[in-house]
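Trainee: task: produce atomic coordinates for the following.
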Amino acid sequence: MTTLELPVPAVPAPRAARAPHRRGHAGSAPIRLAVSRRALVLVAGMPGAGKSTLLAGLRRRPGIVVLDSDDHRVALARRFPRLPYRRYRALVHLRHRAAVVRAAFSDASTVVVHLPATSTVLRSAVALVAAMTGRTAHLLWLHVDPAEALRGQRDRGRLIPSASFAGHVRRAAATTVALREGRAIGWRTVTVADRSAARAGLVLDPSPCK
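Mentor: Numbering: from 1, shown residues only. I've put the predicted structure just below:
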């Protein structure tokens with residue numbers, strides 16, 4: 001796992017994957033991020049990278065808002081039980097993005113956003129929303145190989161279409177290269193971790209920085 005204050009010349013490649021472990025086992029340590037009073041944390045990575053696993057282990061405190069697109073998917077699936085997901089996928093995305101903007105403008109201390117965000121445009125848009133709402137922006141990128149991501153999708157019981165996944169794979173590879181080269185404008189910190197690190201959970205520590 002690598003945490004860097006921007007601007008930086010490069011982001012080193014993540015450490016080799018460790019043997020899987022569960023949170024709370026001896027030797028496991030959560031990912032720790034120091035965030036200011038008003039922050040936005042983007043947890044990104046291709047589908048199956050371990051974003052949901054990471055956020056499930058997030059140690060909450062008052063003022064933290066966590067936004068996961070899966071919440072909108074589940075809500076709409078209950079409302080339209082006979083409708084295939086592909087028919088309302090765009091609505092899920094729209095509702096999630098609207099929720100991100102609302103939360104960013106709110107009085108919440110820290111907004112944590114769950115998104116694949118393999119697209120440079122989408123990551124830049126999230127960083128821009130943070131800047132427009134007076135929040136420091138932190139990027140937590142989960143770097144995994146495609147086979148590992150597919151296993152993660154199977155574990156959660158939801159595989160995305162192969163063509164869509166292929167696009168995420170291409171963009172994720174380009175993202176890792178960009179982070180290694182220090183091309184991550186708009187982010188106060190960039191953290192790169194693998195899927196096994198995500199299993200240990202996430203802790204957001206208050207930072208003295210304003």
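Trainee: please make it C-alpha for all contacts and neighbour counts, starting now.
Mentor: Will do.
Trainee: sec struct for the residue located most distally from the centre of the chain, please.
Mentor: Distance from the C-alpha centroid of the chain peaks at Arg82, with 29.7 Å (C-alpha atoms, centre = their mean). At Arg82 the chain is in coil, as set by DSSP: H, G, I helix; E, B strand; the rest coil.
Trainee: state the pLDDT value of it.
Mentor: The confidence metric pLDDT takes the value 88 at Arg82.
Trainee: need phi/psi at it.
Mentor: Main-chain dihedrals, Arg82, degrees, to the nearest 10: phi -100, psi 0.
Trainee: report the separation between it and Val169.
Mentor: Going from Arg82 to Val169 by C-alpha to C-alpha, to the nearest Å gives 30 Å.
Trainee: number of residues surrounding Arg86?
Mentor: Using other C-alpha atoms under 10 Å, Arg86 is surrounded by 9 other residues.
Trainee: for it, what are its contacts?
Mentor: For Arg86, no residue meets the contact criterion (C-alpha atoms under 8 Å, 6 or more residues apart in numbering).
Trainee: spatially central residue for this protein, please.
Mentor: With distances taken as C-alpha atoms, centre = their mean, the chain has Val43 as the residue nearest its mean C-alpha position (1.5 Å).
Trainee: how about the contacts made by that one?
Mentor: With C-alpha under 8 Å, 6+ apart, Val43 has these contacts: 51, 112-116, 139-142.
Trainee: let's go with 6 Å and repeat that
Mentor: Residues in contact with Val43 (C-alpha atoms under 6 Å, 6 or more residues apart in numbering) are 113-114, 140.
Trainee: wait, which of those residues is closest to Arg188?
Mentor: Leu140 (11.0 Å; C-alpha to C-alpha).
Trainee: thinking again about what came up before, the contacts of Val43 into CSV, with extra columns for neighbour count and pLDDT?
Mentor: Output for the contacts of Val43, formatted as CSV (neighbours: other C-alpha atoms under 10 Å; pLDDT from 0 to 100):
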residue, neighbour count, pLDDT
Val113, 26, 95
His114, 23, 92
Leu140, 21, 94
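Trainee: Ala174 - how many residues pack around it?
Mentor: 15.
Trainee: list the buried residues of whatever helix or strand it lives in.
Mentor: Following DSSP states H and E, one finds Ala174 within helix 162-180. The neighbour-count check on helix 162-180 (16 or more other C-alpha atoms under 10 Å) flags 165, 168-169, 171-173, 175-177, 179-180 as buried.
Trainee: tell me what that helix is packed against?
Mentor: For helix 162-180, not one helix or strand is in contact under the criterion 3 or more C-alpha pairs under 6 Å, 6 or more residues apart in numbering; DSSP states H and E.
Trainee: can you show me the CA trace of the helix or strand following it as CSV?
Mentor: Proceeding N to C from helix 162-180, the next assigned helix or strand is strand 189-193, under DSSP H and E. Taking C-alpha atoms only, strand 189-193 is exported to CSV below (Å, rounded to 0.1, in the frame of the first residue of the first chain):
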residue,chain,number,x,y,z
THR,A,189,-3.6,12.2,-1.4
VAL,A,190,-3.5,9.1,-3.6
THR,A,191,-3.4,5.7,-2.0
VAL,A,192,-2.9,2.5,-4.0
ALA,A,193,-3.7,-0.8,-2.3
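Trainee: using PDB, write out every CA atom in stretch 161-181.
Mentor: Output of stretch 161-181 as PDB, limited to C-alpha atoms (Å, rounded to 0.1, in the frame of the first residue of the first chain):
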ATOM      1  CA  PRO A 161     -21.300  -8.100 -18.900                       C
ATOM      2  CA  SER A 162     -18.000  -9.200 -20.400                       C
ATOM      3  CA  ALA A 163     -17.800  -6.200 -22.800                       C
ATOM      4  CA  SER A 164     -18.300  -3.700 -20.000                       C
ATOM      5  CA  PHE A 165     -15.700  -5.500 -17.800                       C
ATOM      6  CA  ALA A 166     -13.200  -5.400 -20.700                       C
ATOM      7  CA  GLY A 167     -13.600  -1.700 -20.900                       C
ATOM      8  CA  HIS A 168     -13.000  -1.400 -17.100                       C
ATOM      9  CA  VAL A 169      -9.900  -3.600 -17.500                       C
ATOM     10  CA  ARG A 170      -8.400  -1.300 -20.200                       C
ATOM     11  CA  ARG A 171      -9.200   1.900 -18.300                       C
ATOM     12  CA  ALA A 172      -7.900   0.500 -15.000                       C
ATOM     13  CA  ALA A 173      -4.600  -0.500 -16.500                       C
ATOM     14  CA  ALA A 174      -4.300   3.100 -17.900                       C
ATOM     15  CA  THR A 175      -5.200   4.500 -14.500                       C
ATOM     16  CA  THR A 176      -2.400   2.500 -12.800                       C
ATOM     17  CA  VAL A 177       0.100   3.800 -15.300                       C
ATOM     18  CA  ALA A 178      -1.200   7.400 -14.800                       C
ATOM     19  CA  LEU A 179      -0.800   7.100 -11.000                       C
ATOM     20  CA  ARG A 180       2.700   5.700 -11.400                       C
ATOM     21  CA  GLU A 181       3.500   8.700 -13.500                       C
END
